[in-house]
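Q: mind looking at a prediction? Sequence and model below.
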Amino acid sequence: MAAAERVIVAIASPLEPHLVERIASAFPDRVEVCYRPDLMPAARYVADHGDPGFTRTGEQSSAWRAMLRDAEVAFDFPFDGDLGPIEVCPRLRWIQTTSAGVGPRAKGYGLEGTEIIVTTASGIHAGPLAEFTFAGLLYWIKEIPRLQKDQAERQWND
């Protein structure tokens with residue numbers, strides 16, 4: 001496939017290397033992934049977006065803009081200082097965000113009414129949250145604290 005037919009995906013927030021590789025390997029002949037963690041805030045823990053006070057040097061901003069210049073897809077909102085996605089990604093067609101409830105942010109970046117598609121991660125945690133809620137209910141319904149106390153006291157009551 002010709003380079004011009006490849007979709008350029010820019011990862012615009014910190015992401016674990018194995019996930020970057022997973023994105024890149026999904027359609028290796030059709031997708032070019034651009035990822036420069038040295039131009040982003042360092043993640044402080046898994047799935048962190050990094051220090052919100054992070055700023056790029058002038059040289060880093062130039063490299064960041066060069067990376068984003070041809071991107072058609074962005075994984076998270078690409079921005080540079082006061083410049084939003086439209087300014088730093090003139091070819092942008094789609095932003096896949098890493099959270100839900102991003103409407104106000106998209107509007108603030110001037111994306112409302114544009115042809116740029118913004119999708120969210122809404123619902124991605126629904127299964128684990130439901131399981132956690134169910135586990136909490138069972139904890140209390142099955143009287144786990146009392147059972148733990150009885151176990152520690154070696155009492156086996158009904």
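A: That came in fine, so what should we check first?

Q: tell me, what's the model's pLDDT at the residue most central in space within the chain?
A: Ranked by distance to the mean C-alpha position of the chain (C-alpha atoms, centre = their mean), the top residue is T98 at 3.0 Å. Looking at T98, its pLDDT is 89.

Q: next: A2.
A: A2 is given a pLDDT of 56.

Q: please point out which parts of stretch 105-122 sit buried.
A: Using 16 or more other C-beta atoms under 10 Å as the test for burial, stretch 105-122 gives 106, 109, 111, 116, 118, 120. In this view, the C-beta of every residue, glycine as well, is placed from N, C-alpha and C.

Q: for the residue nearest to the centre of the chain, list the residues it contacts.
A: T98 is in contact with 13, 47, 49, 75-76, 121, counting by C-beta atoms under 8 Å, 6 or more residues apart in numbering.

Q: which intervals of the chain have sub-threshold pLDDT?
A: 1-4, 158 (pLDDT under 70).

Q: how does it look with 90?
A: Scanning the chain for pLDDT under 90 picks out 1-5, 42-53, 55, 79-84, 98-100, 121-129, 156-158.

Q: kind regards, and thank you for your time.
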